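[1] My questions are about this predicted structure, shown below with the sequence.
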Amino acid sequence: MSRAVASAKQRRAGVSAPEPPAALSAPAPPANGLTLPQVIALVDSRLIKLENFMKDTLESGVPGPAPSVSFAQDAVTGEESSVAEVLQEYENRFMLLAEEIAQLKDTLMKLQTYTMDVNKMLLEERVNVLSDLGNDKTMFVMEDATLAGGDVERV
């Protein structure tokens, strides 16, 4: 409490307190994992690397260097079957990613279609309710005038 009172007195007197270090005031990134933009950037960079690898493979017919497999060692040892296995694994992973992306796209399209259908249905229901209320109001006004003894002709 005394710190708060002292700070208030300093502010009123025009004395400025020293600035806290920038490292303490900046929010620290989460220690337990990546943020959403970091995850998206990581997946994006991996997809770009994979697409470039597949493009180079299709153009030249000879695989380029992969991050986790040493093709130079395979060439020296003469193990052509391991290169084919690695290429097959990359092809399988690429096809799996392509299928998952297609499924995600289809799901998003279905969700968008469903949302648009629900919005259309709600709008039509609102128009029906408002048109029914408009007819009921005119009928109530006519009945009130009739009860009051006025000469009102019903439509």
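    Noted; the coordinates are in hand. All figures in this text were calculated on a predicted structure; none of them were measured in a lab.
[2] which secondary structure elements does whichever helix in the chain runs longest contact?
    When the chain is scanned for its longest helix (criterion: DSSP state H), the result is helix 80-147. With contacts taken as 3 or more Cβ pairs under 8 Å, 6 or more residues apart in numbering; DSSP states H and E, helix 80-147 sits against helix 36-60, helix 71-77. Every C-beta, even on glycine, is put in place using the N, C-alpha and C of the backbone.
[3] could I get those helices as CSV with mean pLDDT, distance to residue 128 and mean neighbour count?
    Formatted as CSV, the helices and strands packed on helix 80-147 follow (pLDDT from 0 to 100; distance: least, Cβ to Cβ, whole Å; neighbours: other Cβ atoms under 10 Å):
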stretch, mean pLDDT, distance to residue 128, mean neighbour count
helix 36-60, 87, 42, 12
helix 71-77, 49, 68, 11
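[4] Which one of those helices lies nearest to residue 90?
    Ranking the helices and strands packed on helix 80-147 by proximity to residue 90 (Cβ to Cβ) places helix 36-60 first, at 7.1 Å.
[5] Any regions of the chain where pLDDT drops low?
    Low-confidence segments of the chain (pLDDT under 70): 1, 15-32, 61-79, 135-155.
[6] One more pass at 50, please.
    Low-confidence regions of the chain, defined here as pLDDT under 50, cover residues 23-24, 26, 69, 71, 73-76, 155.
[7] ok, and for stretch 88-95, which residues are buried?
    Within stretch 88-95, the residues scored as buried using 16 or more other Cβ atoms under 10 Å are residue 90.
[8] One more: stretch 102-122?
    Taking 16+ other Cβ under 10 Å as the criterion, stretch 102-122 shows none as buried.
[9] what angle do the longest helix of the chain and helix 36-60 make?
    On the basis of axes from the mean of the first three to the mean of the last three Cα atoms, to 10 degrees, helix 80-147 is oriented at 130 degrees to helix 36-60.
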